[in-house]
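A.B. asks: Next comes the sequence, and after it the predicted model I'd like to discuss.
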Amino acid sequence: MNIYVLVKRTFDTEEKIVISGGKIQEDGAEFIINPYDEYAIEEAIQVRDAKGGKVTVVTIGGEDAEKQLRTALAMGADEAVLINTEDDLDELDQTTAAYILAEYLKDKEADLILAGNVAIDGGTGQIGPRVADLLNINYVTTITDLEINGTDVKIVRDIEGDSEVIETKLPLLVTAQQGLNEPRYPSLPGIMKAKKKPLAELELDDLDIDEDDIELKIETVEVYLPKQKNAGRILAGDVKDQVKELIQLLHSEAKVI
């Protein structure tokens, strides 16, 4: 099978993020593979191991993204592709990113394309469906189980606390939800092998993409951190007294009753 995984380099939201001048400061920030993309990588590797074929991970960005691609290779992917937009684009929106990825994939005869359900930095969940639409192939989002039998595919997808079963066919794009699998950690042998695995670097010119084709449709007006929340208060004493105090606080301080 010819399998591709769409990967994004994101800020590690478990680490401190500094904003200055309306932008996130990258100096000193920690970057990781988008966690939902790790589920997609793991699923791609499992499908390849079961069905045969090759797994290629693809990302858009600058040379700094090579680290995340090498991590994906160390997990078990076969090849990696960096579409370097560092010299051409200051920023990407969902439309631009999806168009670039679709232009790269359009002649690759992919059987299966996987992506994370959302990216933790933006959370739009648009890239996968937009790419599938541009490629004119089926897509299913938020999947938690994937069974492939020839070209027939049976999928379980998460639907807000419940699930549904969908049957479709390859070629197909799916987006991975938590619960699909448990992503593996790169092993030491995997890390050593990753250094020798192919990592190709392309530019927009290599994809015959014109600037007019990638005009941004979205403008970022402001980036800011959430306001600090006041610490919670623990009420003491008898339950009846706690209830009375809680009602008084909701009335006098919170002003919600």
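C.D. replies: Perfect, I can see it now.
A.B. asks: For E15, which three-state class applies?
C.D. replies: coil (DSSP: H, G, I helix; E, B strand; the rest coil).
A.B. asks: which residues sit in contact with it?
C.D. replies: Taking CB atoms under 8 Å, 6 or more residues apart in numbering as the criterion, E15 is in contact with A29, E30. No exception for glycine: its C-beta is placed from N, CA and C like everyone else's.
A.B. asks: remind me, longest strand of the chain?
C.D. replies: Longest strand of the chain, by residue count under DSSP state E: strand 138-149.
A.B. asks: just the helices in the stretch 151-257 of the chain please.
C.D. replies: 188-194, 239-252 (DSSP state H, counting those that start in this stretch).
A.B. asks: so the closest residue to I191 other than its chain neighbours is in which element?
C.D. replies: Using CB to CB, 6 or more residues apart in numbering and skipping the chain neighbours, the partner closest in space to I191 is A74 (4.5 Å). In this structure, A74 sits in helix 66-75 according to DSSP states H and E.
A.B. asks: helices or strands up against the next helix or strand after that helix?
C.D. replies: Downstream of helix 66-75, the next assigned helix or strand under DSSP H and E is strand 79-84. Counting contacts by 3 or more CB pairs under 8 Å, 6 or more residues apart in numbering; DSSP states H and E, strand 79-84 is packed against strand 54-61, helix 66-75, helix 94-105, strand 199-203.
A.B. asks: nearest to S252, of the ones you listed?
C.D. replies: helix 94-105 (45.6 Å; CB to CB).
A.B. asks: other SSEs contacting that closest one?
C.D. replies: Helix 94-105 packs on strand 54-61, strand 79-84, helix 127-135, going by 3+ CB pairs under 8 Å, 6+ apart.
A.B. asks: Deepest-packed of the ones you listed, please.
C.D. replies: Counting by mean count of other CB atoms under 10 Å, strand 54-61 has the highest mean neighbour count of those, with a mean of 23.
A.B. asks: before we move on, back to that, could you identify which of the helices of the stretch 151-257 of the chain is most buried?
C.D. replies: In terms of average neighbour count - mean count of other CB under 10 Å - the standout among the helices of the stretch 151-257 of the chain is helix 188-194, at a mean of 13.
A.B. asks: What is the neighbour count of the residue nearest to I191?
C.D. replies: 21 (other CB atoms under 10 Å).
A.B. asks: Any regions of the chain where pLDDT drops low?
C.D. replies: Residue ranges of the chain with pLDDT under 70: 22, 28.
A.B. asks: Domain boundaries for it, per the record?
C.D. replies: 2-214, 229-257 (automatic domain parsing).
A.B. asks: Including distance to Q177, could the helices of the stretch 151-257 of the chain go into TSV?
C.D. replies: Listed next are those as TSV, based on distance: least, CB to CB, whole Å:
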stretch	distance to Q177
helix 188-194	25
helix 239-252	37
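A.B. asks: Tell me the buried residues in stretch 208-215?
C.D. replies: Buried residues in stretch 208-215, defined by neighbour count with 16 or more other CB atoms under 10 Å: I209, I214.
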